[in-house]
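K.L.:
heads up, no residue letters with this:
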Ligand SMILES: Cc1ncc(COP(=O)(O)O)c(C=O)c1O
């Protein structure tokens with residue numbers, strides 16, 4: 001294969017709005033590996049931010065994409081429908097709760113979040129939305145307006161969407177409180193919000209990530225998500241789960257909602273759905289979808305043929321190869337090994353997560369977020385060939401999101417690199 005080195009200055013044609021966490025130019029990917037243009041290979045524990053759950057270029061997904069691209073690439077869903085669309089709807093129906101039997105498909109996660117907000121407003125005739133502190137839902141105006149993970153995501157974009165209220169999320173490490181006691185407090189604060197800022201009769205939906213992603217990889221107690229369900233039922237408010245990052249096996253269940261056993265009214269999906277092709281979806285009961293006025297929402301690329309074919313095959317691969325089970329087993333091993341590192345080195349301050357969605361939070365001796373240490377460790381890992389990302393408001397959390405095809409040997413290798421990088425960072 002001929003290596004194309006970009007001419008000096010070509011990079012300047014790309015907008016600086018994209019920050020660069022590495023200076024890697026990659027040529028190809030395979031499973032958990034990325035191969036750089038330099039010839040070096042990297043263990044990819046970022047999965048393109050939780051997208052390549054089936055690993056880079058899974059042969060079955062590649063073949064499905066090739067086949068579909070040779071038959072039909074675009075028809076536009078309001079003009080003509082195709083097999084790939086029916087297939088993905090059938091496959092989705094096998095993995096989401098059976099109550100959520102009707103699907104709307106779009107391209108990006110943000111677009112799916114916008115779709116959920118628009119459906120909720122149409123279906124209820126109410127304008128307000130409640131979101132949760134630390135949540136991340138995307139970059140478009142509606143999604144950005146309910147995003148509170150960091151100010152950089154929303155700063156200087158005023159005016160944001162009106163009618164948004166923010167409730168507390170049970171982030172036990174940050175609050176230094178008992179998780180169950182904090183969960184009760186958050187639910188009581190939410191009731192207070194509904195009594196003081198947004199009356200239930202004016203509140204269309206609560207939108208929540210069942211595990212906080214960008215906000216720091218925080219797993220709330222089951223009692224919190226169950227409490228939200230109970231509160232929504234009592235007040236006639238729709239419950240929306242944003243499972244864009246947690247979906248498709250990431251947490252050791254097909255969807256994180258399975259852990260507390262809570263069925264939302266609208267489930268939002270993207271990322272792992274199509275192994276890297278742009279496809280997102282919302283699922284809701286048909287009776288709810290029927291309240292969405294035909295023609296009031298849509299888009300040129302909704303249910304695009306090649307992403308649909310990739311998604312249908314992705315779901316089959318996840319099922320056939322037992323990737324949910326692998327995520328559970330490798331995730332347990334990863335957390336056990338990281339906790340052992342914590343015992344040996346006295347850092348990170350906390351290891352937490354579920355399945356292969358694991359976070360290591362770094363804190364200073366005074367208990368403040370230690371962004372500098374997290375950065376040194378991330379950079380040390382990169383130097384040693386392991387790609388990791390950070391998250392959290394101060395980027396004080398290193399997040400582990402390898403592809404769900406990751407092997408035990410790769411987990412062992414990654415933790416070894418992490419321990420060496422952490423020991424060096426603590427000594428420096
Ligand atoms: C939970 C969650 N919601 C929404 C989004 C936005 O998705 P996209 O970047 O595809 O627009 C993301 C992306 O990171 C996410 O993690």
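P.N.:
Everything's here; your move. Since this is a predicted model, take the numbers as computed values, not measurements. Residues are numbered from 1 along each chain as shown.
K.L.:
enumerate every residue touching the most centrally placed residue in the chain.
P.N.:
What sits nearest the mean C-alpha location of the chain, by CA atoms, centre = their mean, is residue 245, with 1.4 Å. Neighbouring residues of residue 245 by CB atoms under 8 Å, 6 or more residues apart in numbering: 49, 50, 209, 211, 213, 214, 271, 357. From N, CA and C alone the C-beta is placed, and that goes for glycine too.
K.L.:
just confirm the second one contacts residue 272, I think it does.
P.N.:
Yes: in this structure, residue 50 sits in contact with residue 272. The criterion is CB atoms under 8 Å, and the distance is 6.4 Å.
K.L.:
picking that back up, secondary structure element for the residue nearest to the centre of the chain?
P.N.:
Taking DSSP states H and E as the definition, one finds residue 245 inside no helix or strand.
K.L.:
what distance do you get for it to the ligand?
P.N.:
Counting by CB to the nearest ligand atom, to the nearest Å, the separation of residue 245 from the ligand is 4 Å.
K.L.:
give me the subset of the contacts of residue 245 lying in helices.
P.N.:
49, 50 (DSSP state H).
K.L.:
just the buried members of the contacts of residue 245?
P.N.:
49, 50, 209, 211, 213, 214, 271, 357 (16 or more other CB atoms under 10 Å).
K.L.:
next step: those restricted to strands.
P.N.:
residue 357 (DSSP state E).
K.L.:
which among the buried ones among the contacts of residue 245 gets closest to residue 157?
P.N.:
residue 214 (16.7 Å; CB to CB).
K.L.:
pull the contacting residues for that closest one.
P.N.:
Residues near residue 214 by CB under 8 Å, 6+ apart: 136, 149, 150, 245, 391.
K.L.:
give the bridge partners for residue 369, please.
P.N.:
Beta-bridge partners for residue 369, by DSSP bridges, are residue 363.
K.L.:
list the residues that contact both of residue 50 and residue 272?
P.N.:
residue 250.
K.L.:
what's the spacing between whatever residue of the stretch 51-200 of the chain ends up closest to the ligand and residue 382?
P.N.:
Closest to the ligand within the stretch 51-200 of the chain is residue 109: 2.2 Å, counting by CB to the nearest ligand atom. Residue 109 sits 26 Å away from residue 382, going by CB to CB, to the nearest Å.
K.L.:
which residues of the protein lie near the ligand?
P.N.:
Neighbours of the ligand within the chain, by CB under 6 Å from any ligand atom: 49, 108-110, 113, 136-139, 209, 213-214, 242, 244-245, 270.
K.L.:
mind checking the SS state of residue 264?
P.N.:
coil (DSSP: H, G, I helix; E, B strand; the rest coil).
K.L.:
residues contacting residue 411?
P.N.:
330, 333, 334, 337, 402.
K.L.:
now these: which count as buried?
P.N.:
Judged by 16+ other CB under 10 Å, buried ones among the contacts of residue 411: 330, 334, 337, 402.
K.L.:
which residues touch the closest residue to residue 106 other than its chain neighbours?
P.N.:
Spatial nearest neighbour of residue 106, chain neighbours left out: residue 280 (4.9 Å); criterion: CB to CB, 6 or more residues apart in numbering. Counting by CB under 8 Å, 6+ apart, residue 280 makes contact with 105, 106, 107, 108, 109, 111, 112, 244, 268, 269, 270, 273.
K.L.:
one more time with 7 Å
P.N.:
106, 107, 108, 109, 111, 112, 269, 270, 273 (CB atoms under 7 Å, 6 or more residues apart in numbering).
K.L.:
mind listing which of those residues are in helices?
P.N.:
Going by DSSP H, the helices hold 109, 111, 112 from those.
K.L.:
now the residue in the stretch 301-428 of the chain that the ligand sits nearest to: how far from residue 93?
P.N.:
Using CB to the nearest ligand atom, residue 391 is the residue of the stretch 301-428 of the chain that sits closest to the ligand, at 9.4 Å. Going from residue 391 to residue 93 by CB to CB gives 32 Å.
K.L.:
do residue 236 as well
P.N.:
Where residue 93 is concerned, residue 236 sits at a distance of 26 Å (CB to CB).
K.L.:
of these two, who's got more company?
P.N.:
residue 93 (14 against 11; other CB atoms under 10 Å).
K.L.:
now the more buried one: which helix or strand?
P.N.:
Per DSSP H and E: helix 83-95 holds residue 93.
K.L.:
residues in contact with that helix?
P.N.:
68, 77, 101, 103, 254, 281, 283, 303, 305, 308-309, 311-312, 315-316.
K.L.:
of all the residues in it, which ones are buried?
P.N.:
84, 85, 87, 88, 89, 91, 92, 95.
K.L.:
what score does the second one have for pLDDT?
P.N.:
Going back to what we said before, that points to residue 85. Confidence at residue 85, expressed as pLDDT, is 98.
K.L.:
before we move on, the earlier item: in PyMOL, select just the buried ones from the contacts of residue 214.
P.N.:
Selecting only the buried entries of the contacts of residue 214 in PyMOL, with 16+ other CB under 10 Å as the criterion:
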select buried, resi 136+149+150+245+391
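K.L.:
which of the contacts of residue 214 sit farthest apart?
P.N.:
So, the contacts of residue 214 by CB to CB: farthest apart are 150 and 245, at 15.3 Å.
K.L.:
quick one, helices of the stretch 251-400 of the chain?
P.N.:
286-289, 305-320, 323-345, 371-383 (DSSP state H, counting those that start in this stretch).
K.L.:
follow-up on the earlier one: wait, the residue of the stretch 51-200 of the chain closest to the ligand touches residue 271, no?
P.N.:
Yes: assessed by CB atoms under 7 Å, residue 109 is found in contact with residue 271 at 6.4 Å.
K.L.:
anything in contact with each of the two?
P.N.:
With CB under 7 Å, 6+ apart, residue 109 and residue 271 have common neighbours residue 244.
K.L.:
what's the burial count for residue 125?
P.N.:
Applying other CB under 10 Å, we find 10 residues neighbouring residue 125.
K.L.:
pLDDT score assigned to it?
P.N.:
98.
K.L.:
ramachandran coordinates for it?
P.N.:
phi 70, psi 20 (degrees, to the nearest 10).
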